[in-house]
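[1] what follows is a protein structure lacking sequence information:
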């Protein structure tokens, strides 16, 4: 007898630190697209985002669109207060797949930090 238990791929976590604004949009766009190229399952940890504007929001929307087109899983986790403010102001919880979760740290390995330079 064979088992049909398929293990889900281990998610990669990308942690964004600092501003998600027009000043970093190009850098963040490339980083997110690269992360999607490397992982079938990606979680974006937003707990350390200190500011967000519409350019930062557009980068997240692009990442979501790319993930959908590639049939990949993308989840936003641990929304900081600035992220929650923007999402609530624009009523975007449903656009990104459901309720927003603030301040909880993801319990997933392989986290990467972005703060001006990649580490």
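    Received, thanks. Note that the structure is predicted; figures quoted are calculated from it, not measured.

[2] list the residues that contact the residue nearest to residue 64 when sequence neighbours are not counted.
    If the residues on either side of it in the chain are set aside, residue 64 comes closest to residue 74, at 5.8 Å by C-beta to C-beta, 6 or more residues apart in numbering. All C-beta atoms are positioned from the backbone trio N, CA, C, and that covers glycine. If a contact means C-beta atoms under 8 Å, 6 or more residues apart in numbering, then residue 74 has 36, 42-44, 63-64, 67-68 as its contacts.

[3] between the residues you listed, which sits nearest residue 84?
    Of all the contacts of residue 74, the one with the least separation from residue 84 (C-beta to C-beta) is residue 44, at 14.4 Å.

[4] and the one helix or strand that closest one maps to, what's buried?
    Secondary-structure assignment from DSSP states H and E places residue 44 in strand 41-52. Applying a neighbour-count criterion of 16 or more other C-beta atoms under 10 Å, one finds 41-47, 49, 51-52 buried in strand 41-52.
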